[in-house]
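**Student:** need a 3D model of the sequence below.
(one chain, ligands or ions: 2)
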Amino acid sequence: MKFVAEALNLSPIAAKRLEEKNILRQAFIKHPFFADVIEALKLDRKFGEFEEGTLIAKTVDGLEVVRGYPKIKRALTLHPTIKKHFRGEVVLEEKMNGYNVRVVMFGENVYAITRGGFICPYTTEKARMLINSDFFKDHPNLMLCCEAVGEESPFVPKEIYGVKTIDFYVFDIRDRKTNVALPIKEKEKLAEEYGFNLAPILAEVHVSKAHEVAKDVIEELGRKGREGIVIKDPKMKRQPIKYTTSESNCSDLSFAFRFFGEYGKDFMFSRIIREGFQAFEFDERDEEFKRRCLRLGEAILKAMVESIREVKEGRKVYDKMRLRFYDLEVFELFKEHIRRMGVSAEFSEPFEDNGSYVVWFYRYMKSTTDKIDYILRGNLWQ
Ligand code: ATP
Ligand code: MG
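**Tutor:** Residues are numbered from 1 along each chain as shown. Ligands and ions are numbered 1, 2, ... in the order given. Here you go, the predicted model:
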């Protein structure tokens with residue numbers, strides 16, 4: 001705790017307030033795999049200027065602060081929202097659908113921190129293999145904000161990117177202590193220099209035309225099953241804004257209704273509202289509108305009926321992910337990591353595949369299973 005106050009430069013009063021709030025949690029598991037970290041805590045909620053997910057670590061190099069990735073607000077309409085929030089040119093970047101990872105270097109090694117501020121063993125193992133660490137030797141104060149995407153993702157597995165395993169796509173490069181983001185041109189230059197993948201930069205347009213270009217981009221991304229866009233100020237001085245495709249809203253809905261006992265009603269409701277504003281703004285009629293209605297209806301019903309059928313046939317409802325480890329010790333660490341995150345999960349035995357180990361990760365959806373079973377036994381909803 002004392003090192004946190006020192007790292008964050010808190011006055012004695014602020015330090016006391018932080019302690020009273022009780023929002024500091026352990027951020028890692030002590031293990032030789034994380035040899036450069038002596039102690040690490042993370043903020044479970046925002047504190048002053050420090051975002052939720054901020055990591056405070058005592059490392060072999062001294063005290064380190066890695067700021068949480070800021071929340072991105074959402075547009076429900078492209079017009080007049082883009083015009084209202086930006087000036088001059090805007091950049092439309094693809095919003096990739098994976099999980100948020102901040103990559104940094106402590107001591108001799110690269111560390112991958114997930115959104116909430118945990119140092120994740122699974123992600124760290126892959127980051128050490130895939131990210132050129134020369135970048136951090138040249139720029140020790142910077143962090144790479146990446147989306148981790150691919151089929152072998154423990155949190156958001158997707159096939160749409162053609163990544164069979166998992167890979168990192170940089171979307172921001174920031175000062176890890178101040179959270180100031182580099183302008184987009186500088187990000188592109190560094191990505192080129194160190195060989196990083198970038199979240200695709202799709203267009204740079206004047207705000208007066210941005211909503212029209214964005215609409216075309218969104219329709220095209222939707223056809224490919226992609227998630228959406230983040231609209232950014234080229235200098236990164238203004239707050240970015242996100243906007244998603246209908247296909248992505250529907251894929252979220254399908255997931256949420258498949259596991260309706262586990263997902264909050266707000267999650268479902270917000271995605272239906274998004275569809276309403278998009279259908280209105282895109283001025284759809286007849287065929288196109290009918291297609292959207294069908295997509296939305298199927299998203300809600302199809303997967304939910306499958307879950308009901310599963311329970312009817314005596315099976316449990318669960319989500320299943322394929323993972324890959326290069327070191328079985330990291331698998332052990334990951335199991336402990338998941339347990340500490342409060343996720344109830346089961347794992348298959350690892351089987352060797354090309355010098356690495358494949359494991360199935362099952363998340364049992366107890367609430368959905370129990371609710372369906374209760375109803376199918378003739379009980380009433382309320
Ligand atoms: P929040 O809205 O708080 O950021 P969330 O989990 O609700 O969190 P999302 O709806 O997934 O977030 O949208 C924001 C996230 O999108 C970012 O945290 C980041 O992980 C991801 N992302 C993917 N591509 C980009 C990109 N090009 N620029 C910025 N963020 C991106
Ligand atoms: Mg996301």
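
**Student:** R74: neighbour count?
**Tutor:** 13 (other Cβ atoms under 10 Å). Every residue, glycine included, has its C-beta placed from N, CA and C.

**Student:** swap in R238?
**Tutor:** If you count neighbours by other Cβ under 10 Å, R238 ends up with 14.

**Student:** please apply the same query to R340.
**Tutor:** 14.

**Student:** correct me, but it touches K42?
**Tutor:** No: between R340 and K42 there is no contact, the gap being 11.7 Å when judged by Cβ atoms under 8 Å.

**Student:** who touches both of these two?
**Tutor:** 26, 118 (Cβ atoms under 8 Å, 6 or more residues apart in numbering).

**Student:** which SS class is the residue of the stretch 201-350 of the chain found nearest ligand 1?
**Tutor:** Residue of the stretch 201-350 of the chain nearest ligand 1, by Cβ to the nearest ligand atom: V230 (3.8 Å). Under DSSP: H, G, I helix; E, B strand; the rest coil, V230 falls in the strand class.

**Student:** and for the one 4 residues further on?
**Tutor:** Reducing the assignment at P234 to three states with three-state DSSP gives coil.

**Student:** look at it and report its pLDDT.
**Tutor:** pLDDT, P234: 98.

**Student:** next one: R285
**Tutor:** With respect to pLDDT, R285 scores 84.

**Student:** do the one 10 residues further on as well
**Tutor:** At R295, the predicted lDDT confidence score is 96.

**Student:** name the element the residue in the stretch 1-150 of the chain positioned nearest to ligand 1 belongs to?
**Tutor:** Nearest residue of the stretch 1-150 of the chain to ligand 1, counting by Cβ to the nearest ligand atom: N100, 3.2 Å away. Here N100, judged by DSSP states H and E, is contained in strand 99-106.

**Student:** one step back: got the contact list for the residue of the stretch 1-150 of the chain closest to ligand 1?
**Tutor:** 69, 114-115, 145-148.

**Student:** can you give me the helices for the stretch 251-382 of the chain?
**Tutor:** Ranges of helices in the stretch 251-382 of the chain, per DSSP state H, counting those that start in this stretch, are 265-281, 286-312, 328-340, 366-376.

**Student:** make a markdown table from these and add distance to N179 to it.
**Tutor:** Shown next, in a markdown table, are those (distance: least, Cβ to Cβ, whole Å):
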| stretch | distance to N179 |
| --- | --- |
| helix 265-281 | 26 |
| helix 286-312 | 35 |
| helix 328-340 | 25 |
| helix 366-376 | 36 |
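
**Student:** show me the one of those that comes nearest V358.
**Tutor:** Smallest distance to V358 across the helices of the stretch 251-382 of the chain (Cβ to Cβ): 10.4 Å, for helix 328-340.

**Student:** quick one: buried residues of that closest one?
**Tutor:** By neighbour count on 16 or more other Cβ atoms under 10 Å, the buried set for helix 328-340 is 330-331, 333-335, 337-338.

**Student:** end to end, how far does stretch 75-84 reach?
**Tutor:** Stretch 75-84 stretches 11 Å from its first residue to its last (Cα to Cα, to the nearest Å).

**Student:** is ligand 1 contacted by it?
**Tutor:** No: on the criterion Cβ under 6 Å from any ligand atom, stretch 75-84 is out of touch with ligand 1, staying 11.8 Å away.

**Student:** for that stretch, give me every contacting residue.
**Tutor:** By Cβ under 8 Å, 6+ apart, the list of residues contacting stretch 75-84 from outside reads 90, 207-208, 210-211, 214-215, 218, 231, 241-243, 273-274, 277-278, 281.

**Student:** what about the helices of the stretch 251-382 of the chain, which gets the closest to N249?
**Tutor:** Going by Cβ to Cβ, the one of the helices of the stretch 251-382 of the chain nearest N249 is helix 265-281, 4.6 Å.
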